[in-house]
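Q: coordinates only, sequence not included:
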């Protein structure tokens, strides 16, 4: 319970805490917002009291999917390899959902083991997951162009479990 209390307090202190999720598969599961407008999950899975999992799932905007669809297979292949190579450098885990050679969604996760858990390492891991996510967004924009995002998306749509 001490770890859960510390983590919740740190999230509140840093104004990142958004919601506590009732998750039967977790000892605790928090939805956080870092930075403003970016939703992430912080979870301690059942049976894994020694680890905290940080995750962020992102849907590729429909406007970007249209731009991607209008490009060659060669450019799409090159882009997908660039995404993999860039994300790998962040030392995070990632899962790319690809259909018709087009990136539809990407999920970025990282683990932090709780032995000698510090606020510094905890916050640094949140920032690392966000930086990996934004790197992927920037690669999409660099390769296919910037668009005005849809206004129909709710903030929680990029949560891993919502």
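A: Sure thing, it's come through. Since the structure is predicted, the reported quantities are computational estimates derived from the model, not experimental observations.

Q: Which neighbouring residues are in contact with residue 28, exactly?
A: 4, 7-8, 20, 43-44 (Cβ atoms under 8 Å, 6 or more residues apart in numbering). From N, CA and C alone the C-beta is placed, and that goes for glycine too.

Q: try 6 Å
A: 4, 44 (Cβ atoms under 6 Å, 6 or more residues apart in numbering).

Q: How about the one 5 residues further on?
A: By Cβ under 6 Å, 6+ apart, the contact list for residue 33 reads 18, 39.

Q: Next up, identify which helix or strand the closest residue to residue 59 other than its chain neighbours is on.
A: Excluding the flanking residues, the one nearest residue 59 by Cβ to Cβ, 6 or more residues apart in numbering is residue 105, at 5.2 Å. For residue 105, the host element (DSSP states H and E) is strand 102-113.

Q: Return the distance of the residue positioned nearest the centre of the chain relative to residue 2.
A: Centroid check for the chain by Cα atoms, centre = their mean gives residue 56 as the closest residue, at 1.9 Å. The span separating residue 56 from residue 2 equals 26 Å under the rule Cβ to Cβ, to the nearest Å.

Q: follow-up on the earlier one: can you tell me the element the nearest residue to the residue nearest to the centre of the chain once chain neighbours are set aside falls in?
A: In space, and not counting its chain neighbours, residue 56 is closest to residue 40: 4.6 Å by Cβ to Cβ, 6+ apart. For residue 40, the element it lies in under DSSP H and E is strand 39-45.

Q: what angle separates that strand from strand 102-113?
A: 50 degrees (axes from the mean of the first three to the mean of the last three Cα atoms, to 10 degrees).

Q: name the helices or strands packed onto strand 39-45?
A: With contacts defined as 3 or more Cβ pairs under 6 Å, 6 or more residues apart in numbering; DSSP states H and E, strand 39-45 has these neighbours: strand 26-33, strand 51-59.

Q: Understood, closing this out.
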